[in-house]
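Student: sequence plus the predicted model coming up.
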Amino acid sequence: MTPIIIYILLGLFIGYIGGYAGIGGAPFMIAFLVLAMGVNQFTAQGTVLTMMLGPMSLLGIMTMKDEVKTQWRSIAIGVISYAFFSYFGAKWAFELGELSIKKYFALLLIIIGLMQLFPQFSKPDHIKKTTQIPAIWMLVIGIATGIIGGLFGIGAGVLMVPSFLMIFNMHKNHARALSLAILLPPVSLGAFYKYFEENAIDWNLVIILFISYFIANYLGAKRGSRASLGNFKKIYALLLIGIAIVYFLQIYYQS
């Protein structure tokens with residue numbers, strides 16, 4: 001039996017990183033459960049999505065109340081569109097099968113990593129930063145991230161924050177606050193329904209990971225609001241690409 005302390009430490013680490021950078025940290029959590037702990041890909045995804053049903057980013061949001069309250073419209077659009085379309089992503093995942101999902105999951109990690117790694121994807125610093133996302137674009141992002149989130153078991157943050165920063169040149173703290181606020185309600189409800197229907201949820205892990213994540217998220221958000229994310233983004237990108245390579249190697253040896 002795997003010691004509970006390993007899962008607690010995982011939740012604490014991902015919670016801190018999630019608060020620090022405004023991301024949910026789901027790719028790391030899913031990858032660790034699959035590659036290190038031998039959990040089925042669908043069970044790992046369903047467990048992490050179920051964990052997101054709770055207010056796991058509440059303490060993190062408390063450190064950015066001013067940024068959150070000015071974006072209520074974007075938050076509402078993001079929550080509703082993500083929650084609804086995440087069901088269709090989850091449905092598609094089970095139709096594709098575990099092996100295909102693992103391949104596409106690894107590819108997604110590389111894409112996200114490259115988006116963080118190369119500065120040419122970002123707009124120059126001298127261009128004025130924005131603090132709001134147009135409603136129609138927020139809807140498009142919500143739909144896209146909802147489908148991808150349900151498909152791969154990840155939350156809004158890991159996809160939304162890069163979009164806010166690179167496409168709209170949004171201010172760092174507003175992008176983090178918007179992402180964490182969208183994660184506060186049960187945003188993965190649609191996908192949860194499908195994973196629950198497929199019995200792909202480990203409820204013991206849900207409780208352990210949620211509590212530890214919840215505690216560490218506040219500390220990470222408090223530190224991240226004062227920090228430069230330049231070096232962090234490079235490390236984050238390289239870790240994602242490294243994990244993707246391990247995924248492909250595992251798939252190769254299992255084939």
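Tutor: Now that the structure is in, tell me what you want to look at.

Student: count the neighbours of residue 3 for me.
Tutor: For residue 3, the neighbour count with other Cβ atoms under 10 Å is 8. The C-beta positions use only the backbone N, C-alpha and C, and glycine is treated the same way.

Student: sorry, wrong one. I was asking about residue 166.
Tutor: 16.

Student: for residue 36, same thing?
Tutor: Residue 36, neighbours per other Cβ under 10 Å, totals 12.

Student: quick one: low-confidence residue ranges for this structure.
Tutor: 1-2, 19, 21-24, 118-128, 156-157, 224-231, 255 (pLDDT under 70).

Student: that one: helices as residue ranges?
Tutor: 4-21, 26-31, 41-51, 58-62, 65-69, 72-96, 98-117, 135-152, 157-166, 172-183, 189-197, 203-224, 230-254 (DSSP state H).

Student: name the residues of the fifth one that are buried.
Tutor: Right, helix 65-69. Neighbour counts over helix 65-69 (16 or more other Cβ atoms under 10 Å) mark 67-68 as buried.

Student: looking at the helices of the chain, which is nearest to residue 129?
Tutor: helix 172-183 (8.1 Å; Cβ to Cβ).

Student: would you turn the helices of the chain into TSV with distance to residue 129?
Tutor: Formatted as TSV, the helices of the chain follow (distance: least, Cβ to Cβ, whole Å):
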stretch	distance to residue 129
helix 4-21	17
helix 26-31	26
helix 41-51	31
helix 58-62	20
helix 65-69	12
helix 72-96	15
helix 98-117	18
helix 135-152	16
helix 157-166	9
helix 172-183	8
helix 189-197	32
helix 203-224	17
helix 230-254	15
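
Student: ok, now how distant is residue 164 from residue 174?
Tutor: For residue 164, the distance to residue 174 (Cβ to Cβ, to the nearest Å) stands at 8 Å.

Student: er, residue 151 I mean
Tutor: From residue 151 to residue 174 the distance is 27 Å (Cβ to Cβ).

Student: and what of residue 202?
Tutor: 35 Å.

Student: repeat for residue 45
Tutor: 29 Å.

Student: cool, residue 209 as well?
Tutor: For residue 209 relative to residue 174 (Cβ to Cβ), the value is 28 Å.

Student: ok, now residue 161?
Tutor: Residue 161 is 10 Å from residue 174, by Cβ to Cβ.

Student: same question for residue 165.
Tutor: Taking Cβ to Cβ, one finds residue 165 at 10 Å from residue 174.

Student: residue 116 now?
Tutor: 18 Å.

Student: cool, residue 184 as well?
Tutor: 16 Å.

Student: quick one: which of the two has more around it?
Tutor: Set residue 184 next to residue 174 and count neighbours by other Cβ under 10 Å: residue 174 wins out with 25 against 18.

Student: quick check, that one in contact with residue 68.
Tutor: No - using Cβ atoms under 8 Å, residue 174 is not in contact with residue 68, being 9.0 Å away.

Student: residue 153 touches residue 51, doesn't it?
Tutor: No - look at residue 153 against residue 51 with Cβ under 8 Å: they stay out of range, at 10.0 Å.

Student: near the closest residue to residue 99 other than its chain neighbours, how many other residues are there?
Tutor: Nearest in space to residue 99, with sequence neighbours left out and distances taken as Cβ to Cβ, 6 or more residues apart in numbering, is residue 251 at 6.9 Å. When counting by other Cβ under 10 Å, one arrives at 14 neighbours for residue 251.

Student: how near is residue 251 to residue 103?
Tutor: Taking Cβ to Cβ, one finds residue 251 at 6 Å from residue 103.
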